[in-house]
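A.B. asks: Provided below for reference: sequence and predicted model.
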Amino acid sequence: MKLADLAHHLGATLVGDPSAKITGVAAIDTASTGDLTFVANPKYASQARTTKATAVLVEPSFTEISTATLRIENPYLAFARAIELFYQPPTYAPGIHPTAVISPTAKIGSNAHIGAYVVISDHVTLGDNAILLPHVVLYPHVTAGDNLFAHAHAVVREYCQLGDNVVLQNGAIIGADGFGFARQSNGSWYKILQSGPAVLEDAVEVQANACIDRASIGETRIHAGAKVDNLVQVGHGSTVGANTLLCAQVGLAGSTTIGKSVILAGQVGVAGHCTVGDGVIATAQSGIPNDVEPGKVVSGYPAIDNRQWLRSVALVNRLPELLRSLKSQSK
């Protein structure tokens, strides 16, 4: 693809040779002739001057470099769109594999692709254009809207509800039992029936080996556009707001409420019955034992304001020096 055509497709301003050929995409440190790369993080800005890429996606104010640049407000998003031009994922023609097991009471919309060893149980309802890859299992009374894409070994438990354009990556488990047990007088644990479904609204994606537990009563709900990363645990009865990101290994205890457009970075944990307000950002490995006001950036355990946490960490790093100073003053 000529660079001029790529710029037009992305809506970017081209600075450089419009006839240059782009044949692929690559990271800035591994790119070679013919590749498109990008700079979205300032820490990689210096590599834009040494990259072997043919062109670099950058912000409009980025300094001029010898390599051709495509200037656009969101180079990371533009790069994501460019990948789609050069990588063609597998396509799945409509049809039902002979090893699939489908209940006669199931209702499947048009153009479905049902892969090998898929199990679709009683009274399941699927919208149009569903793609279920091998070993996907849908328990009884599951409902899903149009364009469900369930990768191999995804499981959706009984009575769970999925909206349109939901994506389940490999091994995602929707609606497994929540962790509910009541102590009996003899010290043993009595299992609490988990009767409430997990509900995933439109355009939710749940990635590999993540678990969205069902509720004991009521429901567990993931609102529209939320994205759930690998190995995330959403406890029973929790609510996750629209367009929120739960990054790898986040854990939400039961009955947690997460607002809209929240970002919980890797390994953040939230205690049960807490409310995290809209727009909150919790940095990696933060532990949240209490409610967090909307718009806050928090870090550490227990999670505190990010600026205060940064000052505290700086002081911790100076403790040996401060101790030596105190000892010298005491002599």
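C.D. replies: Sure, I can see it.
A.B. asks: quick one: residue 173 from residue 206, how far?
C.D. replies: 9 Å (CB to CB, to the nearest Å). Bear in mind the C-beta positions are built from the backbone N, C-alpha and C, glycine included.
A.B. asks: and what of residue 49?
C.D. replies: In terms of CB to CB, residue 49 sits 40 Å off from residue 206.
A.B. asks: the two: which is more packed in?
C.D. replies: residue 206 (30 against 11; other CB atoms under 10 Å).
A.B. asks: hmm, residue 112 and residue 129 touching each other?
C.D. replies: Yes - if you go by CB atoms under 8 Å, residue 129 and residue 112 touch, sitting 7.1 Å apart.
A.B. asks: common neighbours of residue 173 and residue 206, please.
C.D. replies: residue 212 (CB atoms under 8 Å, 6 or more residues apart in numbering).
A.B. asks: in this protein, what spans have low per-residue confidence?
C.D. replies: 331 (pLDDT under 70).
A.B. asks: all helices for it, in order.
C.D. replies: Secondary structure of the chain (DSSP state H): helices at 3-10, 75-86, 306-317, 319-330.
A.B. asks: now those helices as CSV including mean neighbour count and distance to residue 64?
C.D. replies: Output for the helices of the chain, formatted as CSV (neighbours: other CB atoms under 10 Å; distance: least, CB to CB, whole Å):
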stretch, mean neighbour count, distance to residue 64
helix 3-10, 17, 16
helix 75-86, 16, 16
helix 306-317, 12, 34
helix 319-330, 9, 44
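A.B. asks: can you tell which of those is closest to residue 198?
C.D. replies: Taking CB to CB, helix 75-86 is the member of the helices of the chain nearest to residue 198, at 28.2 Å.
A.B. asks: check which helices and strands the closest one sits against.
C.D. replies: Where contact means 3 or more CB pairs under 8 Å, 6 or more residues apart in numbering; DSSP states H and E, helix 75-86 is packed against helix 3-10, strand 24-25, strand 35-38, strand 55-58.
A.B. asks: tell me the contacts of the residue lying closest to residue 145 once chain neighbours are set aside?
C.D. replies: Nearest non-adjacent residue to residue 145, counting by CB to CB, 6 or more residues apart in numbering: residue 164, 3.7 Å away. When contacts are counted by CB under 8 Å, 6+ apart, residue 164 touches 127, 145-147, 202-203.
A.B. asks: among these, which ones are buried?
C.D. replies: 127, 145-147, 202-203 (16 or more other CB atoms under 10 Å).
A.B. asks: quick revisit: tabulate the helices of the chain (a markdown table), appending distance to residue 267.
C.D. replies: Putting the helices of the chain into a markdown table (distance: least, CB to CB, whole Å) gives the following:
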| stretch | distance to residue 267 |
| --- | --- |
| helix 3-10 | 34 |
| helix 75-86 | 23 |
| helix 306-317 | 15 |
| helix 319-330 | 25 |
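A.B. asks: show me the one of those helices that comes nearest residue 293.
C.D. replies: helix 306-317 (13.1 Å).
A.B. asks: contacts for the closest one?
C.D. replies: 281, 283, 297-300, 304.
A.B. asks: what's the answer for stretch 35-50, then?
C.D. replies: 6, 22-29, 31, 51-59, 62, 65-67, 70, 74-76, 78-79, 82.
A.B. asks: can you do 6 Å?
C.D. replies: 22, 24-26, 28, 31, 53, 55-58, 65, 75-76, 79, 82 (CB atoms under 6 Å, 6 or more residues apart in numbering).
A.B. asks: widest-spaced pair of the buried ones among the contacts of residue 164?
C.D. replies: So, the buried ones among the contacts of residue 164 by CB to CB: farthest apart are 127 and 203, at 13.6 Å.
A.B. asks: is it true that residue 115 touches residue 97?
C.D. replies: Yes - using CB atoms under 6 Å, residue 115 is in contact with residue 97, at 5.4 Å.
A.B. asks: counting neighbours, go ahead and name the busier of those two.
C.D. replies: The residue with more neighbours, out of residue 115 and residue 97, is residue 115; 20 against 13, by other CB under 10 Å.
A.B. asks: return the residues in contact with that one.
C.D. replies: So residue 115 contacts 97, 132-134 (CB under 6 Å, 6+ apart).
A.B. asks: between these, which is closest to residue 266?
C.D. replies: Looking across the contacts of residue 115 and measuring by CB to CB, the closest to residue 266 is residue 133, at 27.0 Å.
A.B. asks: please report phi then psi for the closest one.
C.D. replies: phi -90, psi 170 (degrees, to the nearest 10).
A.B. asks: from residue 8, how far off is it?
C.D. replies: In terms of CB to CB, residue 133 sits 35 Å off from residue 8.
A.B. asks: before we move on, what about residue 280?
C.D. replies: 39 Å.
A.B. asks: the closest residue to residue 34 other than its chain neighbours: neighbour count?
C.D. replies: Leaving aside its sequence neighbours, residue 34 sits nearest to residue 23 (CB to CB, 6+ apart; 4.0 Å). A count of neighbours around residue 23, defined by other CB under 10 Å, yields 12.
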